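[1] Let's see this in three dimensions:
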Amino acid sequence: MTASTSRASPSGSAPTRRAPTLPGTASGSSTCSPLRESPPGTRPGTGSTRTRTSTSGTSPLAEAGWQAVTDYRIDTLGRQGITKGGAFLVDGGFVCPCTPDPLIDATYDLRRRDGQQIDHAAYQARQVELDAYRLQNKENADSNGTIRRQCPALGPSPTVICELAIGSDKPRPKPQPDGTMGDTRIEVQIMPTRFEDVAATAAEAKAVAEGKGPAEVKRIKAAARIASVGGIPTLCSSGTTSIRRDVLTKFRQPLTYGKSLHTAVYRAGRNSQEGAHGFAKDEAQESLSQPGRRRKRGLAAQSLYAAVSLAVTTLRKIASFLEHAKPDSTGRLCVPRDTTPGNENVALGEAGGYRDTGDDEQWVPCEDDPPEAA
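    Numbers count the residues shown, from 1 in each chain. Now for the predicted structure:
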């Protein structure tokens, strides 16, 4: 595995970032709004860092049952936070607290531009190995959005061997692609310093909830780090951990970042989103981006102008669809897509990954990307 330069990681709460959103069950506040009345679905991210949260600590989208399918800025890649139970959030997914640094920093090492970046082949190899450290699904979300995740060394299909997991050291041979039987689990290397980070994060969250001041919070974190030496987090002691809906919502997403499915969903949604933006900003039509079309002070007036413009845009979009749509073999109306060779993937939103143009906000790696030409 290619060596990686370890980066400083946040000890607890992750830096501010945006959270767009995939299907879930709408729950939470009963406040009437179009968002809460509509069924949950996928919403692509934009790469911005602004996220509006409600009084419950979650975004309105998360409360409505939507989950993030998004890209990350390069400075938010890798380790994005730690839960009280000990799970590490890496590129939007929860992993074992003893996941090696090169695997945590895989996407960062792919996108960095300091001469130490890795190629696509090395990135794909790290992603395959990282999959073994991902927490397994124990229970789906309950009515409050809380999920339960399980240590990857436990369950009917363990992917790693860990001395902290009882019975994990027993041989588990399984049929291999070549027809032989073998145990391909990865042996976990215990990292006590990671457990200290977990203890400090839990202590910090409790102190902040109790209204402690910054100086007191810092002291409590330091004391918890020292007291945790020799201890292990809940995930490692019990084998499972509960993760609430409002934990690290700005970074979590349901699809594995960098894989084909994530890339396909993100690209399709993002392309549709940007197309709608351009449609609404057409200067020959509603020209939504021009302030001169909304010459009135105040948020209420501006919101009303925007709402009316978007309503007109929607009607124009529907009329355009009806004008160009044709029935398919089942009789359903569809707009024919461009089938010119080379445009199929873009039109269908299939996986393929963006090519690196130096814009870290827009580029999304994909496991199926071929190595860059020399």
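[2] okay, now the domains of this protein?
    72-243, 258-288+310-374 (automatic domain parsing).
[3] most tightly surrounded among those?
    domain 72-243 (a mean of 17; mean count of other CB atoms under 10 Å). Bear in mind the C-beta positions are built from the backbone N, C-alpha and C, glycine included.
[4] can you give me the mean pLDDT across that domain?
    Taken as a whole, domain 72-243 carries a mean pLDDT of 88.
[5] Mind giving me the packing neighbours of the longest helix along the chain?
    What stands out as the longest helix in the chain, according to DSSP state H, is helix 299-324. Under the contact definition 3 or more CB pairs under 8 Å, 6 or more residues apart in numbering; DSSP states H and E, helix 299-324 sits against helix 260-280.
[6] Next, the angle from the helix it packs on to helix 299-324.
    100 degrees (axes from the mean of the first three to the mean of the last three CA atoms, to 10 degrees).
[7] Distance from the chain centre to helix 260-280, please.
    Distance of helix 260-280 from the chain centroid (CA atoms, centre = their mean, to the nearest Å) equals 16 Å.
[8] okay, the domains of the chain in JSON lines with distance to W66 next?
    Listed next are those as JSON lines, based on distance: least, CB to CB, whole Å:
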{"stretch": "domain 72-243", "distance to W66": "11"}
{"stretch": "domain 258-288+310-374", "distance to W66": "12"}
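[9] Of these, which is nearest R295?
    domain 258-288+310-374 (12.8 Å; CB to CB).
[10] from the chain's centre, how far out does stretch 282-300 sit?
    Worked out by CA atoms, centre = their mean, stretch 282-300 lies 33 Å from the chain centre.
[11] no, scratch that, I was asking about stretch 72-87
    10 Å.
[12] Can you tell me the element A121 falls in?
    helix 120-131 (DSSP states H and E).
[13] wait, A153 sits on D169?
    No. Look at A153 against D169 with CB atoms under 8 Å: they stay out of range, at 9.5 Å.
[14] Can you check which residues contact both of those two?
    In terms of CB atoms under 8 Å, 6 or more residues apart in numbering, A153 and D169 are both contacted by the residues I161.
[15] quick revisit: what's downstream of the helix holding A121, the next helix or strand?
    strand 136-139.
[16] That following strand - contacts with which helices or strands?
    With contacts taken as 3+ CB pairs under 8 Å, 6+ apart, strand 136-139 sits against strand 147-150.
[17] List the strands paired with the strand it packs on, with their directions.
    Its sheet considered, strand 147-150 pairs with strand 136-139 (antiparallel), strand 240-243 (antiparallel) by DSSP bridges.
[18] what's in contact with the last one?
    Yep, that's strand 240-243 we're talking about. For strand 240-243, using CB under 8 Å, 6+ apart, the contacting residues are 83, 85-87, 94, 135, 138, 146-151, 233-235.
[19] For L89, give me its contacts.
    So L89 contacts 14, 79-83, 95, 248, 251-252 (CB under 8 Å, 6+ apart).
[20] And H277, by the same measure?
    Applying CB under 8 Å, 6+ apart, no residues contact H277.
[21] so how far is S309 from it?
    Distance from H277 to S309, counting by CB to CB, to the nearest Å: 13 Å.
[22] Check F88 too.
    44 Å.
[23] follow-up on the earlier one: strand partners (parallel or antiparallel) of the following helix or strand past the longest helix of the chain?
    Toward the C-terminal end, the helix or strand that comes next after helix 299-324 (DSSP H and E) is strand 326-327. Sheet pairing of strand 326-327 (DSSP bridges) gives strand 333-334 (antiparallel).
[24] Tell me the gap between the strand it pairs with and the middle of its chain.
    32 Å.
[25] Same check on stretch 323-336?
    With CA atoms, centre = their mean, you get 34 Å for stretch 323-336.
[26] avg pLDDT for it?
    Mean predicted lDDT for stretch 323-336 stands at 87.
[27] List the contacts of that stretch.
    321-322.
[28] switch the cut-off to 6 Å
    Identification of contacts with stretch 323-336 by CB atoms under 6 Å, 6 or more residues apart in numbering yields no residue at all.
[29] Output it in CSV, but only the C-alpha positions, please.
    Presented in CSV, the C-alpha positions along stretch 323-336 are these (Å, rounded to 0.1, in the frame of the first residue of the first chain):
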residue,chain,number,x,y,z
GLU,A,323,-43.6,20.2,-26.3
HIS,A,324,-40.6,17.9,-26.8
ALA,A,325,-41.7,14.7,-25.0
LYS,A,326,-42.5,11.5,-26.9
PRO,A,327,-44.1,8.3,-25.7
ASP,A,328,-41.8,5.4,-25.1
SER,A,329,-42.6,1.7,-25.5
THR,A,330,-44.8,1.7,-22.4
GLY,A,331,-46.6,4.9,-23.4
ARG,A,332,-44.9,7.0,-20.8
LEU,A,333,-43.8,10.5,-22.0
CYS,A,334,-40.0,11.0,-22.1
VAL,A,335,-37.7,13.5,-23.7
PRO,A,336,-35.2,11.7,-26.0
